[in-house]
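S.K.: Starting from these lines, generate the structure:
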Amino acid sequence: MAPESFPHNASRFGIRTRLLAVNSVVIVASFVTATLVAVAVGPPMFQRLMDAAVQPGASGDHPYQRAFEKATAASLGTALLVSVVAALALSWYLSRRVYRSATELAHAATVIADGHYDFRVSAPRLGREFDEIAVAFNTMADSLGRVEHSRRQMLADLAHEMRTPVAIVEAYLEALEDGVKSLDDDAIAVLRDQSSRLTRLSKDVAALSDAEHRARTIDARWTSIAHLVTTATTVWEPRYRAKGVTLTSTATTDLPDVWADPERLGQVLANLLENGLRHTPSGGTVLIGARATHDGVTVVVSDTGDGVLPEHLPHLFDRFYRVDAARDRVHGGAGIGLAIAKALVDGHGGSIKADSQGLGQGTTFTVSLPRGVESGPSPVASLQDSTYLVG
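M.R.: Numbering: from 1, shown residues only. Got it, this is the predicted structure:
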């Protein structure tokens with residue numbers, strides 16, 4: 001709701017004024033209650049005690065009774081006055097701290113709205129709930145900062161990816177216009193190749209956007225991981241064979257089903273197998289398999305290809321990230337396939353990680369998927385833990 005849609009007097013009084021007003025009402029109510037109780041209970045009680053101990057049967061205005069009433073009024077008045085002053089002081093201190101914390105939070109929200117996502121609020125130390133609000137706010141600011149950084153990085157990467165093919169096309173067009181080059185088969189091949197790169201880039205970006213959207217709208221059902229692994233192996237085996245790379249699948253049929261979207265998981269396996277084919281030279285091997293865990297299934301895709309240096313591993317799933325930019329351009333990748341895989345795995349509540357011992361040592365991708373309980377027990381549920389099936 002926009003600020004102008006609130007009533008004009010909705011924020012007439014701040015939280016400090018409201019807290020003081022509420023505490024003042026409580027104090028006044030306590031004062032009136034204590035006075036009424038003292039007046040109603042004290043004198044009759046004293047009269048009964050006097051009748052029983054000092055002057056049985058006496059009635060009327062006795063000097064002791066007047067003395068008691070004066071003493072009670074003086075002591076009660078002093079006690080109430082001190083209590084009121086102390087309560088007001090404590091209320092002022094508390095309201096001041098709450099006001100400062102609320103003001104700091106409002107200022108921080110304004111600063112972050114202006115794009116300064118590194119601003120943080122301090123813990124107010126007014127109780128667990130207030131501290132949790134501060135922690136949640138700082139977490140939100142950190143998330144917004146990472147999203148903004150990712151957005152800027154993606155725009156920069158897109159510009160970088162488009163710069164080379166656009167520059168080549170522009171150079172060839174200028175050469176054709178100036179008569180330096182003729183529109184022969186070689187020129188047509190270069191222009192077509194760069195046009196294909198731009199087309200492929202646009203498709204990859206659209207695929208990433210679609211993956212991140214579909215990750216939030218998973219069409220889940222009980223899915224056989226063993227069947228998905230077998231299908232992916234069958235589909236990709238001809239391409240592996242054409243390159244001279246051996247693709248081996250050792251998944252068994254006794255794996256438990258998981259509550260997942262088979263099409264999205266199939267896309268994850270396809271992206272991992274494509275990545276393995278791209279970075280494994282002829283004569284190499286790619287292994288794909290799975291094992292049951294205590295709460296789901298783990299799928300492993302391991303290759304004997306190029307390998308990755310340790311400093312690159314945390315960034316493999318970033319958009320447009322490439323360990324060797326020049327090499328991957330030759331292979332035709334835009335550095336989006338692993339980002340798509342991560343988005344889809346995250347959408348299933350799972351996790352994906354990469355491990356490598358270094359260059360030339362191959363890479364292993366591990367996808368962990370929870371079994372899921374959305375529709376009750378799986379019709380084919382076998383949670384016995386087994387050994388890795390990929391060697």
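S.K.: Low-confidence ranges, the stretch 251-391 of the chain, go.
M.R.: Scanning the stretch 251-391 of the chain for pLDDT under 70 picks out 320-335, 373-391.
S.K.: what do you get for the stretch 51-200 of the chain?
M.R.: When residues are selected by pLDDT under 70, those of the stretch 51-200 of the chain lie in 51-77, 127, 157.
S.K.: so where does the residue positioned nearest the centre of the chain fall, helix or strand?
M.R.: With distances taken as Cα atoms, centre = their mean, the chain has S143 as the residue nearest its mean C-alpha position (6.9 Å). Assigned by DSSP states H and E, S143 belongs to helix 128-178.
S.K.: immediately after that helix, which helix or strand?
M.R.: On the C-terminal side of helix 128-178, the closest following helix or strand by DSSP H and E is helix 185-214.
S.K.: mind checking how far the residue nearest to the centre of the chain is from L155?
M.R.: Note on S143: its distance to L155, by Cβ to Cβ, to the nearest Å, is 19 Å. For glycine as for every other residue, the C-beta is placed from the backbone atoms N, C-alpha and C.
S.K.: do A89 as well
M.R.: Taking Cβ to Cβ, one finds A89 at 55 Å from L155.
S.K.: Break the protein down into its domains, please.
M.R.: 11-114, 222-391 (automatic domain parsing).
S.K.: one step back: roughly how far is the helix holding S143 from the heart of the chain?
M.R.: In terms of Cα atoms, centre = their mean, to the nearest Å, the gap separating the centre of helix 128-178 from the centre of its chain is 19 Å.
S.K.: what's that helix packed up against?
M.R.: If you count contacts as 3 or more Cβ pairs under 8 Å, 6 or more residues apart in numbering; DSSP states H and E, helix 128-178 packs onto helix 63-113, helix 185-214.
S.K.: which is the next helix or strand following the shortest one?
M.R.: What it means is helix 185-214. Per DSSP H and E, the first helix or strand lying C-terminal to helix 185-214 is strand 221-223.
S.K.: just to revisit the earlier point, can you add mean neighbour count and give the helices and strands packed on helix 128-178 back as JSON lines?
M.R.: Converted to JSON lines, the helices and strands packed on helix 128-178 look like this (neighbours: other Cβ atoms under 10 Å):
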{"stretch": "helix 63-113", "mean neighbour count": "14"}
{"stretch": "helix 185-214", "mean neighbour count": "14"}
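S.K.: Let me have those helices in JSON lines, extended by distance to N275.
M.R.: Below are the helices and strands packed on helix 128-178 laid out as JSON lines (distance: least, Cβ to Cβ, whole Å):
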{"stretch": "helix 63-113", "distance to N275": "37"}
{"stretch": "helix 185-214", "distance to N275": "13"}
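S.K.: Tell me which of those helices lies nearest to L255.
M.R.: helix 185-214 (24.0 Å; Cβ to Cβ).
S.K.: and the closest one with helix 128-178, angle?
M.R.: 160 degrees (axes from the mean of the first three to the mean of the last three Cα atoms, to 10 degrees).
S.K.: Cheers, nothing more for now.
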